[in-house]
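Participant: What would the 3D arrangement of this be:
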Amino acid sequence: MSDPVSDPSDLDGRSVVVAGGGIAGMAAAQALVELGAAVTVVDAKPLDAPSPLRTTTDERLPADTALVVTSPGWRPTAPLLRAAAAAGVPVWGDVELAWRLRPRGQKWLGITGTNGKTTTTGMLAAILLAAGRRSVAAGNIGLPLTDAVRKMPPYEVIAAELSSFQLHWARSLDPVAAAVLNIAEDHLDWHGSMAEYAAAKGKIFGPNTIPIYDADDAGARDLVASLVGAVGVTRTTPGERTLGVVDGELVDRAFGGGAILPVDELPVTGPHNVTNALVAAALARAVGITPAEIATGLRTFVVGGHRVELLGTIGDIRFIDDSKGTNPHATAAALDAFPTSVWIAGGLAKGASFDALIRDHGQQLRGAVLIGTCAPEIEQAIARHAAHVPVIRTADLDNAVRTAIDLASPGGVVLLSPAAASMDMFDDYKHRGEVFAAAVRAAGGPAFTPVSLAVKENR
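Facilitator: Predicted structure coming up:
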């Protein structure tokens, strides 16, 4: 093997393998080419890549490899990555590469957690924009970090949404401040255990990072228990080094900011969004943004789709798209948004259990219509904890929507919140949400009434 790489400045003329030819992988490959590396992109399917990139479907590690840069989706057990570890070849994730390539003086604000990352990152991006900072949201939210750090003129601040997959490969990450929103069962099939999953999330905190966490979440509290200087957020009255709610208003008692914004002026509803706004505010305060600027940013925040999104009605039955609910923890927030609903669920469980979700929310279900690989597991959990709930399994979302309409009561709600990943039947959660919306429109025909401003809740 070639001598391993310890710094991007060592890459000129060296052989580097990029694992994965998706958006993150190709962005990393382009950055590596600009550094003078000889880059080979490995992917399960043949790729049409621009020169001078070499592509292959062969997962064997080339003998002269000095560095492997892996895309987030590649598991540590992949043959290529195991071979690199055995040969002493360093493996960086795309986030690690971007961190090492960042311009001097650029500030990163990190956000992770089982749920709420994208909403909180969007809130933070809106705040940074309102404050006049040259900034961008990047990472797991869409824009690859390796593209963001190479932008000229450089961004002053990056709001970095970071997944557990990305953080698993982090080595030297040290943002100015970083937040863990919550820790709940998710991606256990990838990480192998809850302990490994939580440990990956914890890599968002570097030696100089201000740790920010949801003090109302046990998993987040555990993750920062040994860290010095942690700042909490709570939906109750805050103590020292905490942001919280006093008399219906967001308040900063950690950075000396005082009152920020009345809760009822947030453009999104739901207790989870109060937490998201407080976390975004804490991260912004960590880089000196004023309470007034935070308030302006939060007021202008625009929510995304597929997050407890009201699509419209058929008669007086409301149809809610929460396709972003890809694990039980996320679905719990969606179920809590309505007194009762007919629940459409199922997909890839990713190793999660549904027992706690059904135990705590079974009384809110008028019926359950199940699709996908994990439908039997959800049905068994319902039988154990909410046997009164009628359960029907269907082959696809078209049938699921029609079945749910039959189960729904007048004035009721049909809620798609799968509590599972989408890839057994769909390209991603967005595709699943689009198929659901099409199925609702088809089932309603002329009776379907769309809602122009659809999002009532957001995660």
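
Participant: If you count contacts, what does the worst-scoring helix or strand of the chain on mean pLDDT end up packed against?
Facilitator: Scoring the helices and strands of the chain by mean pLDDT, DSSP states H and E places helix 188-191 at the bottom, with a mean of 72. Judged by 3 or more Cβ pairs under 8 Å, 6 or more residues apart in numbering; DSSP states H and E, helix 188-191 is in contact with helix 164-168, helix 194-202. All C-beta atoms are positioned from the backbone trio N, CA, C, and that covers glycine.

Participant: Could I get the ones you listed in JSON lines, plus columns for mean pLDDT, mean neighbour count and distance to Ala400?
Facilitator: Formatted as JSON lines, the helices and strands packed on helix 188-191 follow (pLDDT from 0 to 100; neighbours: other Cβ atoms under 10 Å; distance: least, Cβ to Cβ, whole Å):
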{"stretch": "helix 164-168", "mean pLDDT": "93", "mean neighbour count": "25", "distance to Ala400": "29"}
{"stretch": "helix 194-202", "mean pLDDT": "91", "mean neighbour count": "18", "distance to Ala400": "30"}
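
Participant: Of all the ones you listed, which one is nearest Thr340?
Facilitator: In terms of Cβ to Cβ, the element of the helices and strands packed on helix 188-191 nearest to Thr340 is helix 194-202, at 31.1 Å.

Participant: Next up, the contacts around the closest residue to Glu265 other than its chain neighbours.
Facilitator: In space, and not counting its chain neighbours, Glu265 is closest to Arg299: 6.2 Å by Cβ to Cβ, 6 or more residues apart in numbering. When contacts are counted by Cβ atoms under 8 Å, 6 or more residues apart in numbering, Arg299 touches Leu261, Glu265, Leu266, Pro267.

Participant: buried residues in the helix or strand hosting Arg299?
Facilitator: Counting by DSSP states H and E, the element that carries Arg299 is helix 291-300. Neighbour-count burial for helix 291-300 flags Pro291, Glu293, Ile294, Ala295, Thr296, Gly297, Leu298 (criterion: 16 or more other Cβ atoms under 10 Å).

Participant: and the least confident of the contacts of Arg299?
Facilitator: The member of the contacts of Arg299 with the lowest pLDDT is Pro267, at 87.

Participant: Excluding its own residues, what touches the helix or strand encompassing Gly444? List them.
Facilitator: Using DSSP H and E, Gly444 sits within helix 429-444. Helix 429-444 is contacted from outside by 305-306, 309, 311-312, 314, 319, 321, 323-324, 326, 344, 347, 397-398, 400-402, 405, 414, 416, 418, 421-422, 425-426, 448, 450, using Cβ under 8 Å, 6+ apart.

Participant: So for Pro211, which of the helices and strands packed on helix 188-191 sits nearest?
Facilitator: Judging the helices and strands packed on helix 188-191 by Cβ to Cβ, what sits closest to Pro211 is helix 194-202, at 9.4 Å.

Participant: Quick check on Ala383: phi, psi?
Facilitator: Ala383 adopts backbone torsions of phi -60, psi -30, taken as degrees, to the nearest 10.

Participant: ok, now Ala83?
Facilitator: phi -60, psi -40.

Participant: One more: the one 10 residues further on?
Facilitator: Taking degrees, to the nearest 10, you get phi -80, psi 170 for the backbone angles of Gly93.

Participant: My guess is it contacts Ser164. True?
Facilitator: No. Contact criterion Cβ atoms under 8 Å: Gly93 and Ser164 do not qualify, at 11.1 Å.

Participant: check contacts around Trp74.
Facilitator: So Trp74 contacts Ala19, Gly20, Leu80, Leu81 (Cβ under 8 Å, 6+ apart).

Participant: Repeat the analysis, applying 6 Å as the threshold.
Facilitator: Ala19, Gly20 (Cβ atoms under 6 Å, 6 or more residues apart in numbering).

Participant: separation between it and Ala24?
Facilitator: Look at Trp74 and Ala24: by Cβ to Cβ, to the nearest Å, they are 10 Å apart.

Participant: rewinding a little: now the residue nearest to Glu265: how far from Phe255?
Facilitator: In terms of Cβ to Cβ, Arg299 sits 20 Å off from Phe255.

Participant: so where's the stretch 51-200 of the chain uncertain?
Facilitator: 188 (pLDDT under 70).

Participant: for it, what spans make up the helices?
Facilitator: 79-87, 94-101, 117-130, 145-148, 164-168, 188-191, 194-202 (DSSP state H, counting those that start in this stretch).

Participant: wait, which of these is closest to Gly248?
Facilitator: helix 117-130 (18.7 Å).

Participant: Return the subset of the contacts of helix 429-444 lying in helices.
Facilitator: Secondary structure defined by DSSP state H assigns Leu397, Asp398, Ala400, Val401, Arg402, Ile405 of the contacts of helix 429-444 to helices.

Participant: related to what we said a few turns ago, same list (the buried residues of helix 291-300) but as JSON lines, adding distance to Ala159 and pLDDT.
Facilitator: Formatted as JSON lines, those follow (distance: Cβ to Cβ, whole Å; pLDDT from 0 to 100):
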{"residue": "Pro291", "distance to Ala159": "18", "pLDDT": "97"}
{"residue": "Glu293", "distance to Ala159": "14", "pLDDT": "96"}
{"residue": "Ile294", "distance to Ala159": "13", "pLDDT": "97"}
{"residue": "Ala295", "distance to Ala159": "18", "pLDDT": "97"}
{"residue": "Thr296", "distance to Ala159": "16", "pLDDT": "95"}
{"residue": "Gly297", "distance to Ala159": "11", "pLDDT": "94"}
{"residue": "Leu298", "distance to Ala159": "14", "pLDDT": "96"}
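
Participant: related to what we said a few turns ago, from the contacts of helix 429-444, list just the buried residues.
Facilitator: 305-306, 309, 311-312, 314, 319, 321, 323-324, 326, 344, 347, 397-398, 400-401, 405, 414, 416, 418, 421-422, 425-426, 448.

Participant: Mind checking which of those land in strands?
Facilitator: With DSSP state E as the criterion, strands contain Glu309, Leu311, Gly312, Ile314, Phe319, Asp321, Ile344, Val414, Leu416, Phe448 from among the buried ones among the contacts of helix 429-444.

Participant: pLDDT and distance to Val251 added to those residues, as a markdown table?
Facilitator: Output for those, formatted as a markdown table (pLDDT from 0 to 100; distance: Cβ to Cβ, whole Å):
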| residue | pLDDT | distance to Val251 |
| --- | --- | --- |
| Glu309 | 81 | 30 |
| Leu311 | 88 | 36 |
| Gly312 | 87 | 37 |
| Ile314 | 93 | 43 |
| Phe319 | 93 | 37 |
| Asp321 | 92 | 33 |
| Ile344 | 98 | 39 |
| Val414 | 96 | 38 |
| Leu416 | 97 | 36 |
| Phe448 | 92 | 43 |
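
Participant: Identify, from these, the entry nearest to Val233.
Facilitator: Glu309 (25.1 Å).

Participant: What's the separation between the closest one and Ala386?
Facilitator: The value you get for Glu309 to Ala386, if Cβ to Cβ is used, is 26 Å.
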